[in-house]
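**Q** 3D model of this:
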Amino acid sequence: MAKKLHRPSKDLAPAAVNTDTSHAFTPNRWVYLVLIFGWALLLRAPIAHIPLDRDEGEYAYIAQRSLIGEIPYKTSFDQKPPVTFVIYALIERFIGTTPAAIHWATQIYTLGTLALVFFLGEKLFSGFAGVLAAFLLALMTADTTVTGNSSNTEIFMILPLTGALYTTLLAEERGSVILGLITGVLLGISCLFKQVALMNGAFIFFYLAVKSPRRIPLMLSVAAGAGIILSITAAYFLMAGAWKEFYDCVIGYCLAFEGATPSGFFPAGFCFPWEALFWEDTSADIILFKFFLRLPCWQPVS
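**A** Below you'll find the predicted structure:
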């Protein structure tokens, strides 16, 4: 007599395995982003009233002169590109001119960078990686060892630069020329904060050339976006009769300085701040990271 076969109940079917690690932590990610914002603001509070350093004073002075109608580089010298002066001018016009006002405005601006780093880490690795990266950035942007607490060009540059890296990933995934154009615009703005953003631009072009089947259209769209921003800037200084001064300060001076600096200086100059950071902050950072890693809420969803 043949045995009767029984179909397993749907209720007893094995649960589907979650292979998506992009949100692999149980708490709401927005809650942790808000907590990171609060952590960054708490870190800023004790140091917001620190007097402006040399570079900050330069930017604040040139911004003040710009507000009364002077053209940067024509009546004052600085080798940095002009968008930092624009940020300072906006802060001084609408928020205040005290060191605390400048530093708090910079911190609010930096919250955007924290959010982008969080989303970038989440997209590339996992939700945990995004939170940890944003947490570390909050520490670094308040660390006096690497002058992260200062309202310098770098702190402003990394917001559009992180945005450019994020839109690069999206452009490569979707093959979108529009996203490539946005990437170029963000990259151009980054270069107008500080010239070193060009190196990140080279990485973006290399990434698209290697990863994207639509490498040519995407690379052209990135170049077009950056070209639009840089062309607008060049046109402004040409119309203001300050192109020669702009070129001499932002491009010519920097090239002359690099040419006159011994090549052996650059490795030591690069390593020095990181050596100080390692000896001064590593133990505290390790303790904090171990504490966070022990929290049960960080365990991946099985």
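**Q** contacting residues around residue 181?
**A** The contact partners of residue 181, by Cβ atoms under 8 Å, 6 or more residues apart in numbering, come to 221, 222, 224, 225. Backbone N, C-alpha and C define where each C-beta goes, glycine included.
**Q** and the next helix or strand past the host helix or strand of residue 134?
**A** Secondary structure assigned from DSSP states H and E places residue 134 in helix 127-140. Downstream of helix 127-140, the next assigned helix or strand under DSSP H and E is helix 153-174.
**Q** what is the mean pLDDT for that next one?
**A** For helix 153-174, the mean pLDDT works out to 96.
**Q** ok, stretch 120-137 next?
**A** Average pLDDT, stretch 120-137: 90.
**Q** now do stretch 234-247
**A** 96.
**Q** chain center to it, what's the gap?
**A** Centroid separation for stretch 234-247 versus its chain: 28 Å, with Cα atoms, centre = their mean, to the nearest Å.
**Q** so what would you say the end-to-end distance of it is?
**A** With Cα to Cα, to the nearest Å as the measure, stretch 234-247 spans 9 Å from end to end.
**Q** would you mark the buried spots in it?
**A** Within stretch 234-247, the residues that qualify as buried by neighbour count (16 or more other Cβ atoms under 10 Å) are 237, 242, 243, 245, 246.
**Q** before we move on, what about stretch 160-180?
**A** For stretch 160-180, the neighbour count (16+ other Cβ under 10 Å) marks 160-169, 171-172, 176-177, 179-180 as buried.
**Q** would you put the C-alpha positions of it in CSV?
**A** Only the C-alpha atoms of stretch 160-180 are listed here, as CSV (Å, rounded to 0.1, in the frame of the first residue of the first chain):
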residue,chain,number,x,y,z
PRO,A,160,30.5,68.8,-2.1
LEU,A,161,33.3,66.4,-2.5
THR,A,162,31.5,63.6,-0.6
GLY,A,163,28.4,64.5,-2.6
ALA,A,164,30.3,64.0,-5.8
LEU,A,165,31.5,60.6,-4.7
TYR,A,166,28.0,59.6,-3.8
THR,A,167,26.5,60.8,-7.1
THR,A,168,29.4,59.0,-8.9
LEU,A,169,28.2,55.7,-7.5
LEU,A,170,24.6,56.5,-8.6
ALA,A,171,25.7,57.6,-12.1
GLU,A,172,27.7,54.4,-12.6
GLU,A,173,24.9,52.2,-11.4
ARG,A,174,22.2,53.8,-13.5
GLY,A,175,24.3,55.0,-16.4
SER,A,176,22.8,58.5,-15.9
VAL,A,177,24.4,61.4,-17.7
ILE,A,178,22.3,63.8,-15.6
LEU,A,179,23.9,62.3,-12.4
GLY,A,180,27.3,62.6,-14.1
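**Q** identify the residues contacting that stretch?
**A** Stretch 160-180 is contacted by residues 113, 116-117, 119-120, 123-124, 182-183, 186-187, 189-190, 193, 197, 200, 204, 207-208, 211-214, 217-222, 225 when judged by Cβ under 8 Å, 6+ apart.
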